[in-house]
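Engineer: Turn this into a structure:
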Amino acid sequence: MPNRMNMAIAKTHRLSTRLVGMQITTGTLIGVCLSATQMAAGFLVVGQGLIAGNGLVAVLVTVIGILLAILIERLSLGGLSAIRVLSANLKKAQDEYYGRLREEKRDATDAEKEDLARQEKALKSSRWSARVFAGVGIALSAGLGDVFWHRLFESQGNIGYVLSTACAVVISLTFIHSELYKQMIDSVLKEILVDLHLMKTAVVAEGESMQVDLLVEAFDSVRANEDVRLPAQQKVERTVLRSLSAGADQFAQHGGTVVYEAIPAVGHGPVALLPAPRGKYAQHRDELRRLLMGNPNLSQSDIAAHFQIAKSTAGEWLKKIKAGL
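Structural biologist: A predicted model of the protein is given here:
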């Protein structure tokens, strides 16, 4: 269940961010459609005397309202887009002008100053014209659209004016936000499209969790199945028995003063050889036999190093112990 919750969290996060992206990208289209609808509805409300139950006239008034809304919003969107582009061009001209001066480490000439002033004047003049068109479009959209909303909320008294104005203005605010802040919105949309960090994290966590779950299930299965567990358990028991026997022999040989130290098998790490005093074969025969029982593959060099004798002597001892002498 926790693993599924992790993936559910990641999928929900991805879905929610995609929905936010859809709201941002479709906002302008919805605004245009809503503007056309509210204006057509407003014309139908106002034109009841002209329509007088004539369906053809009603359709004509609706079409006129939709087309007029498209023209009005063209003024709004066109003016706002022009403001954005002209502002970007003005900033670009200024950046290029001052950037060139910084790069060349000099002051501007009179001709360059006049050229920059001319460009700024032309761009700012065009931007003011764009602001006028955008303002006219926004005012017409809000004013004509408010006809429908006012009729809808007129029963609410003074609060109805607030509600109707808010509904009419929200479309224009959507256009202003989508056009004047287009660069910022595009950055947000790009981040939404490439944001897979949480999903990748969830996938990695899911893989690790599955591995751990498989290990836990395997251990539980082995623990519950005696037939599967018995061979490994018997092998561990034999190893423990050999270690205990070797420790008991050492304890008895040295009068209970030597602490037992386990001897790993040859080939699985360094051989834990126990210190032994110098002496002859008969004195160390029992200890040599014990070492060979714990380490059947004990080499001649290991015996020589353990008892501090020559390799040739170790070879003779090894022959004797194998012969049962």
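
Engineer: Go ahead and confirm Thr313 touches Lys319.
Structural biologist: No - contact criterion CB atoms under 8 Å: Thr313 and Lys319 do not qualify, at 10.9 Å. No exception for glycine: its C-beta is placed from N, CA and C like everyone else's.

Engineer: More neighbours: the two, which one.
Structural biologist: Thr313 (15 against 10; other CB atoms under 10 Å).

Engineer: hey, which helix or strand in the chain has the poorest pLDDT?
Structural biologist: Lowest on mean pLDDT, DSSP states H and E among the helices and strands of the chain sits helix 226-253, with a mean of 75.

Engineer: Distance from the chain centre to the longest helix belonging to the chain, please.
Structural biologist: The longest helix of the chain (DSSP state H) is helix 55-104. Averaging C-alpha positions (CA atoms, centre = their mean, to the nearest Å) puts helix 55-104 37 Å from its chain's average.

Engineer: Could you do stretch 220-231 as well?
Structural biologist: Here the centre of stretch 220-231 is set off from its chain's centre by 41 Å, with CA atoms, centre = their mean.

Engineer: what's the span of it from first residue to last?
Structural biologist: Across stretch 220-231, the terminal residues are separated by 16 Å (CA to CA, to the nearest Å).

Engineer: Residues contacting it, please?
Structural biologist: The contact list for stretch 220-231 (CB atoms under 8 Å, 6 or more residues apart in numbering) is empty.

Engineer: all helices of the chain, in order?
Structural biologist: Remark: helices assigned in the chain by DSSP H are 2-46, 48-51, 55-104, 110-153, 158-180, 182-194, 197-224, 226-253, 281-294, 300-307, 311-323.

Engineer: Of the ones you listed, which shows the lowest average pLDDT?
Structural biologist: Mean pLDDT is lowest for helix 226-253 among these, at a mean of 75.

Engineer: Test my guess that Phe148 contacts Gly42.
Structural biologist: Yes - the pair Phe148 and Gly42 qualifies as a contact (CB under 8 Å) at a distance of 3.9 Å.

Engineer: Could you pull up the residues touching Gly21?
Structural biologist: Contact analysis of Gly21 by CB under 8 Å, 6+ apart lists Val188, Leu189, Ile192, Leu193.

Engineer: Count the neighbours of the first one for me.
Structural biologist: By other CB under 10 Å, 14 other residues sit near Val188.

Engineer: Kindly report the same for Asp227.
Structural biologist: By other CB under 10 Å, 6 other residues sit near Asp227.

Engineer: So the spatially most central residue of the chain versus Ala10, what's the distance?
Structural biologist: In the chain, the centroid-proximal residue (CA atoms, centre = their mean) is His197; its distance is 1.6 Å. Noted for His197: a distance of 10 Å to Ala10, by CB to CB, to the nearest Å.

Engineer: end-to-end on stretch 101-120?
Structural biologist: 17 Å.

Engineer: What is the longest helix of the chain packed up against?
Structural biologist: helix 2-46, helix 48-51, helix 110-153, helix 158-180 (3 or more CB pairs under 8 Å, 6 or more residues apart in numbering; DSSP states H and E).

Engineer: If anything else comes up later, I'll come back, but that's it for now.
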